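>>> here are the coordinates; sequence isn't available:
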C-alpha cells in the first residue's frame, strides 16, 4: 500500500510539474518557438494606400494571457495636428487580443476609439487586425496579411460606415 501511494505521489508530481511548465504562457520557447510577449518598437507604413499616413512609429505590447496594448506616433490622444491633414481625427491607445497560429506566426487585433479633431466628440473606432511573424528576433507584418478599418458611428459592432485603409507593412524589434 505504501509503495502504491509513493508511486501515485511521484506520478502526480510529474503531471503537476508538466502542467506548470506547459501552462507558462509561451513556455514553448525552449522548443524553438518564437515568443511575442514583450513590447515591440515598430515602423508601420501603408505602401499601396493613396492618401494614407506617412510611415510612423508604433509601440505594441503582447501580454501573457493573450492581450495587446498599442500606441503610435500618428493617431493618438495628443495628435491635435494629425500627421495626415485629410483625416481630422485623434485616437485613444489601442487594446485587443493575440493568439498563436504556429511556431513563429501570430494573429492580433486591437481597437482604438477615434475622436473628431474639431469637436473632440467620438466619431467611431479604428480596428486593426493582422497576422505577423517573428523571424530572427524581428517583428514582421506584411500588408497582404493585415487590415485597418475606420468604423464610423457609436456602435463598434454595427458601424454606420466602414472606411477600409487596406493593409500595412510593419517591421520592428523588441524593447529590452
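Received, thanks. Everything numeric here is computed off the predicted structure, so don't read it as measured data. Residues are numbered from 1 along each chain as shown.
>>> continuing past the lowest-mean-pLDDT helix or strand in the chain, what's the next helix or strand?
Ranked by mean pLDDT, DSSP states H and E, the weakest helix or strand in the chain is helix 2-23, scoring a mean of 45. Per DSSP states H and E, the first helix or strand lying C-terminal to helix 2-23 is strand 38-45.
>>> contacting residues around that next one?
54-62, 72, 74, 139, 141, 168-175 (CB atoms under 8 Å, 6 or more residues apart in numbering). The way it works is simple: take the backbone N, C-alpha and C, and place the C-beta from them, glycine included.
>>> so where's the protein shaky on pLDDT?
When residues are selected by pLDDT under 70, those of the chain lie in 1-31, 77-87.
>>> please redo it, this time with the cut-off set to 90
In the predicted model of the chain, residues 1-34, 46-55, 73-91, 115-121, 163-166 satisfy pLDDT under 90.
>>> name the element the residue nearest to residue 141 when sequence neighbours are not counted belongs to?
Spatial nearest neighbour of residue 141, chain neighbours left out: residue 170 (3.9 Å); criterion: CB to CB, 6 or more residues apart in numbering. Using DSSP H and E, residue 170 maps to strand 169-174.
>>> partner strands of that strand, with direction?
If you go by DSSP bridges, strand 169-174 pairs up with strand 38-45 (antiparallel), strand 138-152 (antiparallel).
>>> for residue 88, find the nearest of those strands.
Nearest to residue 88, of all those, is strand 138-152, at 12.2 Å by CB to CB.
>>> would you reformat the strands paired with strand 169-174 as CSV and include mean neighbour count and distance to residue 109?
Output for these, formatted as CSV (neighbours: other CB atoms under 10 Å; distance: least, CB to CB, whole Å):
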stretch, mean neighbour count, distance to residue 109
strand 38-45, 18, 15
strand 138-152, 18, 9
